[in-house]
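# got a predicted model here, sequence first, then my questions.
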Amino acid sequence: MKIWIAKAVIQKTISFLPYKHRINYLFQKFVTKGVLLTDALMDDKLTHCSNHLKYYAKYGNKPEGFISLEIGTGWYPIVPIGLFLAGADEIYTIDISSLLQTTAIHQTITKLLEYYGSGKLQTYLPVIKMERLEVLRAALLLNSEPESILETMHIRTTVGDARKMPFPDAKMDLINSNNTFEHIPESILADILVEFKRVLNPNGVMSHQIDMSDHFAHLDKSITIYNFLQFTDVQWNRIDNSIQPQNRLRIADFRRLHQQAGFKIVEEINRPGSINDLKRVKLADKYKPYSETDLAVSHTLMVSKK
C-alpha cells in the first residue's frame, strides 16, 4: 500500500473518533512528524509573516498600531507573535477548533528568542519592538492557559465560525491566513470572504498564503503534488477527511472567490509548479477546462483590497 493511501485511511478513521484533533496531533507528531516545530516550519511561517507585513506596508495606510486578523490559528502561533513583535496593537486569530497548547506556545517563544539571539529573526522582521521581546521572555515563565499567555502579547483567540465573527464593521487593518484556505470547503470559503469584506476597513489589506498542492505528496514522494486532481468529487469525498480536508481549488477558483466577494487582487505571487508533473496525472473531467498554467500553480500569496 502506498504511504499516502495509508495516511488517508488512518486520518479518515480518526475523523470519526471523539477528540479527533487531539488524536490527529499525536498521529502527526509521533508517526508522520508533520507537526514538529522544526527550523523549516519556523522559517516557512516567518516568511509568511514577513510577506504579510511587506504587502501591508505597501498597500495599507497605518504603519504602526495596526489591527490584524488571522484565520487558522493552528498549533504554533508564529505569525501572530511575529506581528506583535513588528508593532501590531491588536491581533485576533480564529479557528473552528482549539489546537493551542501551553507547551507549544513556550516552544514557539523559545525558538523565536533563539532566532533573535542568532540574528536570524531580524532577517524576517526588520522592525522589532525591543520592549516586546521582554514580553516574550516574561511569557515563558507563565504556566497558565494558552489563551491567557497569548493575551499578554495582545493576541486574542476565538474558536468559532469565521462566517459570523464577533467583530464590528471595518475593524481590521490586515487580514491574513497561512496555508488555511486550501482546507476550507468552497461554499464556506465564499461566505468567509464576504465576512472578511465586512470587518476589513476601507483602507485595509488582505494577504493569504495558499498551498494548492496535494498534501499527501508532502509525505509520499512516489506521487506528484497534482495526484488528487485525478479523482472525481465523489471519489475524493471518500478519500478526504474532516481533520485535514483539502478542497482541491485551483488558482483560478481563488481569484473568482475573491472577486465575487468584492475584493480586487492587487498582487499575486505564484509558485508555477511543473507542467511536466501535471501531465503525469490523468485529470478528472472537472479540471479539464482549466488552463495547464493555472492547474500547475502550487502555491500563491494573494494580496487584495476592497
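Received the coordinates, thanks.
# tell me the average confidence for stretch 39-56?
When pLDDT is averaged over stretch 39-56, the result is 97.
# which residues does that stretch contact?
Contacts to stretch 39-56, defined as CB atoms under 8 Å, 6 or more residues apart in numbering, come from residues 66, 68, 76, 78-79, 82-83, 86, 111-112, 115, 121, 124-125, 173-174, 176, 178-179, 205, 207, 209, 267, 269, 301, 303. In this view, the C-beta of every residue, glycine as well, is placed from N, C-alpha and C.
# quick one: buried residues of stretch 16-33?
The neighbour-count check on stretch 16-33 (16 or more other CB atoms under 10 Å) flags K20, H21, I23, N24, Y25, F27, Q28, T32 as buried.
# ok, now which ones touch the fourth one?
If I follow you right, that is N24. Q11, I14, I243, Q244.
# what do you get if the cut-off is 7 Å, keeping everything else the same?
Q11, I14, I243 (CB atoms under 7 Å, 6 or more residues apart in numbering).
# same check on the fifth one?
Applying CB under 7 Å, 6+ apart, we find Y25 in contact with V35, W75, L99.
# show me where this protein has its helices.
For the chain, helices defined by DSSP state H occupy the ranges 3-14, 20-27, 39-59, 78-86, 102-118, 121-124, 130-139, 146-151, 186-199, 233-239, 251-260, 275-279, 292-296.
# hmm, back to that, which members of the contacts of Y25 are positioned in strands?
Among the contacts of Y25, no member falls in strands (DSSP state E).
# just these: which has the poorest pLDDT?
V35 (77).
# if we ignore the residues flanking it in sequence, what's nearest A261?
Nearest non-adjacent residue to A261, counting by CB to CB, 6 or more residues apart in numbering: L193, 3.7 Å away.
# whoops, V127 was the one
V127's closest residue in space is A86 (CB to CB, 6+ apart), at 5.7 Å.
# can you get me a residue count around that neighbour?
A86 is flanked by 23 other residues according to other CB atoms under 10 Å.
# again, but for I96
The number of residues packed near I96 is 16, by other CB under 10 Å.
# appreciated, that's everything.
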